[in-house]
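>>> Fold the stuff below for me.
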Amino acid sequence: MHDRITVHPDICSGKPCVKGTRIMVKNLLGMVAGGYSIDKILEAYPELAREDIVDALDYASHVIDEEKVILRA
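Numbering: from 1, shown residues only. Below you'll find the predicted structure:
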């Protein structure tokens, strides 16, 4: 499903990354949260393809969807 994202214990301490890079999904999410467009991210990381970023965002969406949120009192 997310063939462009990899998780390997020897790469970035097992954090999800774009396959073949050490660019973590969390870094891409942080850039989007900071107002970066996909085009701006591609300028910052020319080694990525648009599909890498879209897959990273989709991956993060699926991870969040699987999380169980426990509210604190």
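>>> Report the separation between the residue nearest in space to the middle of the chain and residue 72.
Geometric centre of the chain, nearest residue: residue 25, 2.0 Å, by CA atoms, centre = their mean. To residue 72, residue 25 is 26 Å away according to CB to CB, to the nearest Å. Yep, even glycine has a C-beta here, placed from its N, CA and C like the rest.
>>> for residue 4, same thing?
From residue 4 to residue 72 the distance is 35 Å (CB to CB).
>>> So the two - more neighbours on which side?
More crowded of residue 4 and residue 72, by other CB atoms under 10 Å: residue 4, with 19 against 3.
>>> what's the more buried one sitting at in phi/psi?
For residue 4, the backbone dihedrals (degrees, to the nearest 10) come out as phi -100, psi 0.
>>> begin at 11 from here
Renumbered: residue one is now 11, and that last one reads residue 14.
>>> Going by contacts, tell me the helices and strands next to the lengthiest helix in the chain.
Counting by DSSP state H, the longest helix found in the chain is helix 60-76. Packing contacts for helix 60-76, counted by 3 or more CB pairs under 8 Å, 6 or more residues apart in numbering; DSSP states H and E, involve strand 15-16, strand 27-28, helix 35-43, helix 48-54.
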